[in-house]
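Participant: Got a predicted structure here, sequence first:
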Amino acid sequence: MPSLFWYEARSIVLMAERRGRIAPGEATCGDGPVAAPAARGWGAGGDGSVLALATSHALSACDAAYLSLAVERTLPLAKLDRKLAAAARAEGIEILGPLAKG
């Protein structure tokens with residue numbers, strides 16, 4: 001199964017939480033709906049920092065993974081998504097490209 005599947009699955013759970021379909025915090029808890037496969041190493045997307053960034057900045061798990069990597073490695077981020085650029089700025093990450101001066 002492609003590891004991207006787990007990011008997409010996490011995004012679905014995060015969206016359900018934002019829409020009030022599951023309890024607040026359930027998307028990021030260790031025993032949430034899609035935690036077990038990722039936690040067992042069956043795929044990516046279970047990283048706590050990814051889920052924390054997705055929750056705090058209302059990002060998809062995929063976008064939060066890019067941001068998490070930039071934060072972890074202290075690297076700039078080159079994206080054309082305004083929401084992700086704003087989240088990166090809030091985390092102290094430099095933005096490259098047209099949104100650099102956002």
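Facilitator: The structure has been received and is ready for your questions.
Participant: Do I have it right that Pro24 meets Glu17?
Facilitator: Yes: judged on CB atoms under 8 Å, Pro24 makes contact with Glu17 at a distance of 6.5 Å. For glycine as for every other residue, the C-beta is placed from the backbone atoms N, C-alpha and C.
Participant: quick one: which of those two has more around it?
Facilitator: Taking neighbours as other CB atoms under 10 Å, Pro24 and Glu17 compare with Glu17 leading, 20 against 10.
Participant: Can you classify that one by secondary structure?
Facilitator: Here Glu17 is recorded as helix under DSSP: H, G, I helix; E, B strand; the rest coil.
Participant: where's it relative to Leu4, distance?
Facilitator: Separation of Glu17 from Leu4 (CB to CB, to the nearest Å): 20 Å.
Participant: Ala16 too?
Facilitator: 19 Å.
Participant: what's the answer for Lys83, then?
Facilitator: 20 Å.
Participant: Please apply the same query to Arg21.
Facilitator: Taking CB to CB as the measure, Arg21 falls 23 Å from Leu4.
Participant: neighbour-wise, which of those two wins?
Facilitator: Neighbour comparison, Arg21 and Leu4: the larger count goes to Leu4, with 14 against 10 (by other CB under 10 Å).
Participant: pretty sure that one is in contact with Ser60, am I right?
Facilitator: No: Leu4 lies out of contact with Ser60 (CB under 8 Å); the separation is 11.5 Å.
Participant: Do you have the helices of the protein handy? List them.
Facilitator: Along the chain, counting by DSSP state H, helices occupy 4-18, 35-39, 48-57, 61-73, 82-90.
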